[in-house]
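Chemist: Predicted model and sequence follow; I will ask about them next.
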Amino acid sequence: MVQTGWTAQRWTAVFIEQAEMFRKAVTEADPTAEVPTRPGWTVQDLVVHLARFLETSTAYLSTGSRTAMRPPPPPAGLAPLEYLDLQLTAAGEILTAVPGNRPVWTFSAAAPDLAWVWHRRIAHETVLRRFDAQTVVRQVVATDADLSADGIDEVLTTIVAAKLDGDVPNTVSGSAVVRPTDVPESWLISLAADEVPEVRAAAPGEEGDAQVTGEAELVYFWLWNRMNFKEMTGDRRVLDVLQVGRGH
């Protein structure tokens, strides 16, 4: 990680804060309303998605499984908000109880098999879904620059590798410098066909085949395909690899 200073406890606190805002937004919204940031999704879809994500991801923390597990079947007999409340409560308890250094299967070839990877993923998934929900009720709350920088770090050091580890081989080679304007961190990510991306801190003035800059919050949500902005230049193929949120 280029980012430092984050712990399982801190990600858990982020989850609890973001979950409360998500719950408030979806309660105020019409369940059948479309989600502007996720075309084709309704608020009810968003609620079920987060609840199911939490049930699936916290299972690794609660069981300590060292292998990938099948996602649970869709719930039967529960209303979406009841399902959500059940999973929010369970996630808060599990995240608090499980130490970050517990060995457990994780989802990316670039990440260690340790529980903190899930603490981080759960925190940032909840940030994204809170953002999605708040766009429906037009009450989007700003995301802290330090939290956004940690989200950028997660994308570049973990999520890009998971995205490329699919059925379609990666054929893109090149590098990108991601340099937010309001935090001290910057990143150089190097891509090579069929290899796990390499990520390190970018040196002052260093450039890549593509450059991404702007406020950390904008960069963070651009990487997840939630915002459009113009502070990017260079190889479009590399930029497309970095933008991991399409369809997510």
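Modeler: Perfect, I can see it now. The structure presented is a predicted model; accordingly, all values stated were derived computationally and were not measured.
Chemist: how's the protein carved up into domains?
Modeler: Per the record, the chain has its domains at 8-137, 156-242, by automatic domain parsing.
Chemist: Of these, which is nearest Ala145?
Modeler: Ala145 sits nearest to domain 156-242 of all these, at 4.5 Å, using Cβ to Cβ. Where C-beta positions appear, they are placed from N, C-alpha and C, glycine not excepted.
Chemist: Between its first and last residues, what's the separation in that closest one?
Modeler: Domain 156-242 has its terminal residues 7 Å apart, counting by Cα to Cα, to the nearest Å.
Chemist: Neighbouring strands - and their directions - for the longest strand belonging to the chain?
Modeler: Looking across the chain with DSSP state E, the single longest strand is strand 174-180. According to DSSP bridges, strand 174-180 forms sheet pairs with strand 187-191 (antiparallel), strand 210-214 (parallel).
Chemist: Mind listing residues that contact it?
Modeler: For strand 174-180, contacts defined as Cβ atoms under 8 Å, 6 or more residues apart in numbering pick out 145, 148-149, 152, 156, 186-191, 202, 206-216, 219, 234-235, 237-239, 242.
Chemist: From those residues, list the buried ones, please.
Modeler: 145, 148-149, 152, 156, 186-191, 202, 208-216, 219, 234-235, 238-239, 242 (16 or more other Cβ atoms under 10 Å).
Chemist: Quick check: which ranges of the chain have low pLDDT?
Modeler: For the chain, applying pLDDT under 70 flags the ranges 1-4, 167-169, 247.
Chemist: could the strands paired with strand 174-180 be laid out in TSV, adding distance to Leu54?
Modeler: Output for the strands paired with strand 174-180, formatted as TSV (distance: least, Cβ to Cβ, whole Å):
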stretch	distance to Leu54
strand 187-191	28
strand 210-214	30
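Chemist: tally of neighbours for the closest residue to Ala115 other than its chain neighbours?
Modeler: If the residues on either side of it in the chain are set aside, Ala115 comes closest to Arg102, at 4.0 Å by Cβ to Cβ, 6 or more residues apart in numbering. Counted with other Cβ atoms under 10 Å, the neighbours of Arg102 add up to 15.
Chemist: what does the one 3 residues further on give?
Modeler: Residue neighbour count, defined by other Cβ under 10 Å, stands at 15 for Trp105.
Chemist: Please name the residues that touch it.
Modeler: Neighbours of Trp105 in contact, by Cβ under 8 Å, 6+ apart: 60, 65-69, 113.
Chemist: Which among those residues count as buried?
Modeler: Buried, going by 16+ other Cβ under 10 Å: Tyr60, out of the contacts of Trp105.
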